[in-house]
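J.: When you get a sec, could you give me coordinates for this:
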Amino acid sequence: MEISEMLFDAAKYPFSGLKQLLLFGFLILLSSLLLGDHYNYIFLDDFLGHAGFLISIFSFLVIGTLFLILIAGYPFKIIEESILGSENPPELNNFIHMFKHGIYEIIILAIYFSVPFILFLAVLDDTFPQIYLGIPAISDEVALLFLIASILLGFMSHIIFTVAIPHMAFKGGSFKEAFRLGEIFRKIRKIGLKKLFIGYFIVILGVVVIGGPILKEIVGSANILGFLIAEELIAPYIIMFSARFSALIYMS
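T.: Down below sits the predicted model:
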């Protein structure tokens, strides 16, 4: 399958399950409301008292985080069923499975991006004096090298991560399969670096990382209707599109 065919398939994929798109969007909307600016809930302080207000905010954070983990698990389910040949988005059910793989995906993401993230923090700590992270001081030359290294390692990590998650799904969802680097690198060679690079820059970087969030921010900042559209339609569409494209890249 060519990149253009993958793009077309991934673009129309979320619309082949409007119910799933809207339900997934509702989950994202709830998570955004619960994890959003809690100063908006300051009125609860008058009704519940300060202790009740703090308990309420803590409850919002806990429930919102649980929703966030479920949101992280649904793309894995999309990848998993796409690899099995499904053409439609999976139902939002089996929440234990989604929750487990949401945790898996968050941990895998943290592990793969830990080194470039730490290098980037060191650069920030050196560049902006007002940011103090307790990282030992480095020279400007070393900071530049760290910045270049963090960009290159981040790019490489994302390429590996893009294949590692579908590989885990293909192998039955076992956590350790996401770190079978020998098998993952062989799969990368089989797919072809050219296709992965094109897919990364056009889709992952261009649409998912840059274009999608900018569009979501513009629409969401307009008014309450814009916020609902951004969270209910744009955000779930981007996530479902990205997950489907990752599965198609892996299967190619």
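J.: show me where pLDDT drops low in this structure?
T.: Filtered on pLDDT under 70, the chain yields the residue ranges 36-54, 56, 129-134, 200, 202-222.
J.: Now for the most centrally placed residue in the chain: which residues touch it?
T.: Central residue check for the chain by CA atoms, centre = their mean: the C-alpha nearest the mean position is that of residue 72, 6.7 Å away. In this structure, residue 72 makes contact with 101, 102, 103, 105, 106, judged by CB atoms under 8 Å, 6 or more residues apart in numbering. (Each C-beta comes from the backbone N, C-alpha and C, glycine too.)
J.: Verify the stated contact: the third one with residue 70.
T.: No. When contacts are counted by CB atoms under 8 Å, residue 103 is not listed as touching residue 70 (10.1 Å).
J.: more neighbours, those two?
T.: Neighbours of residue 103 and residue 70, each counted by other CB atoms under 10 Å, are more numerous for residue 70; the result is 19 against 14.
J.: Just to check, that one is in contact with residue 27?
T.: Yes. Applying CB under 8 Å, one finds residue 70 in contact with residue 27, separated by 6.3 Å.
J.: all helices of the stretch 51-200 of the chain, in order?
T.: 95-112, 114-127, 140-170, 181-191, 193-199 (DSSP state H, counting those that start in this stretch).
J.: Now render the ones you listed as CSV, adding distance to residue 234.
T.: Supplementary listing: these in CSV, determined by distance: least, CB to CB, whole Å:
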stretch, distance to residue 234
helix 95-112, 21
helix 114-127, 26
helix 140-170, 22
helix 181-191, 29
helix 193-199, 21
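J.: Identify whichever of those lies nearest to residue 18.
T.: Evaluated with CB to CB, the helices of the stretch 51-200 of the chain place helix 95-112 nearest to residue 18, the distance being 19.5 Å.
J.: and residue 18, how many neighbours?
T.: Residue 18 sits with 10 neighbouring residues when counted by other CB under 10 Å.
J.: now it: how far from residue 236?
T.: 11 Å (CB to CB, to the nearest Å).
J.: Could you do residue 79 as well?
T.: Spatial separation of residue 79 from residue 236 under the definition CB to CB is 15 Å.
J.: More neighbours: those two, which one.
T.: Neighbour totals were compared for residue 79 and residue 236, and residue 79 leads with 28 against 24 (other CB under 10 Å).
J.: Does anything pack onto the strand or helix carrying residue 225? Which helices or strands?
T.: Secondary structure from DSSP states H and E places residue 225 in helix 224-229. When contacts are defined as 3 or more CB pairs under 8 Å, 6 or more residues apart in numbering; DSSP states H and E, helix 224-229 sits against helix 212-220.
J.: make it 10 Å
T.: Under the contact criterion of 3 or more CB pairs under 10 Å, 6 or more residues apart in numbering; DSSP states H and E, helix 224-229 touches helix 18-35, helix 212-220.
J.: which helices and strands does the next helix or strand after that helix pack with?
T.: Using DSSP H and E, the helix or strand that directly follows helix 224-229 along the chain is helix 235-251. Packed against helix 235-251 by the contact rule (3+ CB pairs under 10 Å, 6+ apart) you find helix 3-12, helix 18-35, helix 44-83, helix 140-170, helix 181-191, helix 193-199, helix 212-220.
J.: chain center to helix 235-251, what's the gap?
T.: Taking the mean C-alpha point of helix 235-251 and that of its whole chain, the gap between them comes to 11 Å (CA atoms, centre = their mean, to the nearest Å).
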